[in-house]
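**Student:** My questions are about this predicted structure, shown below with the sequence.
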Amino acid sequence: MAYKNTSDQALPTAAGSDATAVGYGATASGAQAIAFGLGATASGASTVALGDMAIATGPNATAVGAQAIASGFNSYAGGYQSSATGGNAVAVGSGSFASGQNALALGAGASATAPNSVALGAGSIANQPNTVSVGAPGAERRITNVAAGVAPTDAVNVSQLNAVVYSTDQRLALVSRQSRAGTAMGLAAAGLPQAFTAGKSLVAGAVGTYGGETSFAFGVSKIFDDGHTILKGGVTVDTQHTVGGNIGIGYQW
């Protein structure tokens with residue numbers, strides 16, 4: 001293999017068993033390690049460093065791109081100056097950074113620093129555990145083409161949310177109308193006159209209104225011949241088609 005040395009780097013060194021080093025200054029010191037590029041370093045077992053000054057140190061780590069660094073175990077860094085330092089972390093994109101355990105940073109300058117975090121898109125920041133970020137403070141993104149959620153843990157799209165809001169508004173409006181109609185029923189029932197002469201009966205009607213709702217009441221009352229016992233009953237119906245009734249008996253002295 002021919003080399004043209006235009007730098008002050010030494011010849012490649014493959015010190016690990018079954019290791020491969022290609023490029024001036026390339027060093028493959030881990031077992032089965034591969035270092036390919038000017039100053040590339042693959043020091044962990046089964047590591048791969050591809051690109052000028054790429055560094056792969058964690059076991060089974062892979063660094064692809066100039067100055068890419070993969071130091072976490074089973075980590076992957078792809079892109080210029082990308083860095084994957086967390087275990088099982090993945091950083092893809094120029095300047096991307098994944099330091100959290102099992103973190104994923106996808107996009108130029110994306111950063112996933114918390115465990116199990118995911119940063120999607122250029123410049124996205126995921127710094128809280130078990131979260132997915134598609135942007136950063138002041139640089140938020142919309143998630144488009146989201147299907148309607150089905151399972152309890154699915155995301156809800158705007159169409160579903162609007163339907164829930166509309167349904168809730170309708171229910172609240174109905175409750176409000178029913179409440180006003182109920183008040184009107186009470187007013188109508190209270191407006192029913194009653195018999196006042198012993199031995200006499202009285203049939204009465206009354207109307208009550210409140211908040212745009214109306215109720216009609218019909219009643220009958222009787223004072224028995226003893227002049228002490230009073231019986232009274234009534235029926236109400238309101239504009240919400242609710243029917244009510246009452247009956248009472250009293251004794252005066």
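**Tutor:** Thanks, I have it. Residues are numbered from 1 along each chain as shown.
**Student:** make it CA atoms for all contacts and neighbour counts henceforth
**Tutor:** OK.
**Student:** how about the helices in the stretch 101-250 of the chain?
**Tutor:** Assignment of helices within the stretch 101-250 of the chain using DSSP state H, counting those that start in this stretch yields the ranges 158-190.
**Student:** Show me where it has its strands.
**Tutor:** Listed in chain order, the strands of the stretch 101-250 of the chain (DSSP state E, counting those that start in this stretch) span 104-106, 111-112, 118-120, 125-126, 132-133, 201-210, 213-223, 229-238, 243-251.
**Student:** Can you show me the CA trace of stretch 238-250 as PDB?
**Tutor:** Written as PDB, here are the backbone C-alpha positions of stretch 238-250 (Å, rounded to 0.1, in the frame of the first residue of the first chain):
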ATOM      1  CA  ASP A 238     -89.900  23.600  31.000                       C
ATOM      2  CA  THR A 239     -88.400  24.600  27.600                       C
ATOM      3  CA  GLN A 240     -85.800  21.800  27.900                       C
ATOM      4  CA  HIS A 241     -88.700  19.300  28.000                       C
ATOM      5  CA  THR A 242     -88.100  18.400  31.600                       C
ATOM      6  CA  VAL A 243     -91.100  17.500  33.700                       C
ATOM      7  CA  GLY A 244     -91.200  18.000  37.400                       C
ATOM      8  CA  GLY A 245     -93.800  17.600  40.100                       C
ATOM      9  CA  ASN A 246     -94.500  18.300  43.800                       C
ATOM     10  CA  ILE A 247     -97.100  17.500  46.400                       C
ATOM     11  CA  GLY A 248     -97.400  18.600  50.000                       C
ATOM     12  CA  ILE A 249     -99.700  18.500  52.900                       C
ATOM     13  CA  GLY A 250     -99.800  20.900  55.900                       C
END
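**Student:** which parts of that stretch are buried?
**Tutor:** 238, 239, 240 (16 or more other C-alpha atoms under 10 Å).
**Student:** Same list (the residues you listed) but as TSV, adding pLDDT and distance to residue 40.
**Tutor:** Shown next, in TSV, are the buried residues of stretch 238-250 (pLDDT from 0 to 100; distance: C-alpha to C-alpha, whole Å):
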residue	pLDDT	distance to residue 40
238	89	85
239	88	84
240	87	81
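**Student:** Right, I'll leave it there.
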